[in-house]
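# no sequence on this one, just coordinates:
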């Protein structure tokens, strides 16, 4: 089960790319690998590393302090493409707990919510302004408050967002769908007993 997500204040990294697909987030060749300590190496692998395995210095997550980011601010259509839950696993392994973008692939959005990664939708002009500020001020933090549905930028400006209520409740409690069902176990058992 995912860890509860209530509030997060973290270094945010600007990813100034649109249409980031799940194969860019985790190339298909890594999807059968076990989820262990090596999983972080697979996140954005072909963008982070050359074919020879050298780090690409121009990729934002290879640059300090962005290499310690807990929040990623992207652009339009983040997580589009094939439905691979491993894309969410790779982001979490990199230490990313929230992605801010103006739009997400539907399946990626759903997979994020089910695995403890908070996708925050904000207007593209807001995302662009956040990315510009983060690029100009490396190490700047953003704060995400899921209880209030507010993202606060480095200047203290609050931006509201929405998350489907059931998914929000699961994230706040650190439960996946099975875990949420198990919280109702006494009622389920009572119902089954009454049915006889």
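That came in fine, so what should we check first? From a predicted model like this one, the values you see are computed outputs, not experimental measurements. Numbers count the residues shown, from 1 in each chain.

# need the strands for this protein, in chain order.
7-14, 71-73, 98-101, 118-121, 141-145, 150-152, 158-160 (DSSP state E).

# by contact count, what packs against the fifth one?
With contacts defined as 3 or more C-beta pairs under 8 Å, 6 or more residues apart in numbering; DSSP states H and E, strand 141-145 has these neighbours: strand 7-14, strand 71-73, strand 150-152. To be clear about C-beta, it is placed using only N, CA and C from the backbone, and glycine gets the same treatment.

# Tell me which of the ones you listed sits nearest to residue 113.
Of all these, it is strand 7-14 that lies closest to residue 113, at 14.9 Å by C-beta to C-beta.

# Okay, now the sheet partners of that closest one, with direction.
Note on strand 7-14: by DSSP bridges, its sheet partners are strand 71-73 (parallel), strand 141-145 (antiparallel).

# okay, those strands in JSON lines with mean neighbour count, distance to residue 161 and mean pLDDT next?
Listed next are these as JSON lines, based on neighbours: other C-beta atoms under 10 Å; distance: least, C-beta to C-beta, whole Å; pLDDT from 0 to 100:
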{"stretch": "strand 71-73", "mean neighbour count": "27", "distance to residue 161": "13", "mean pLDDT": "98"}
{"stretch": "strand 141-145", "mean neighbour count": "19", "distance to residue 161": "9", "mean pLDDT": "98"}
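
# Make JSON lines from those and add distance to residue 157 to it.
Below are the strands paired with strand 7-14 laid out as JSON lines (distance: least, C-beta to C-beta, whole Å):
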{"stretch": "strand 71-73", "distance to residue 157": "14"}
{"stretch": "strand 141-145", "distance to residue 157": "11"}
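
# Which one, of those strands, ends up nearest to residue 131?
Nearest to residue 131 among those is strand 71-73 (5.2 Å), distances taken as C-beta to C-beta.

# neighbouring contacts of the closest one?
Applying C-beta atoms under 8 Å, 6 or more residues apart in numbering, the external contacts of strand 71-73 come out as 8, 10-15, 91, 96-101, 127, 130-131, 134, 141-142, 144.

# coming back round to it: which of the helices and strands packed on strand 141-145 is buried the deepest?
Among those, ranked by average contacts under mean count of other C-beta atoms under 10 Å, first place goes to strand 71-73 (a mean of 27).
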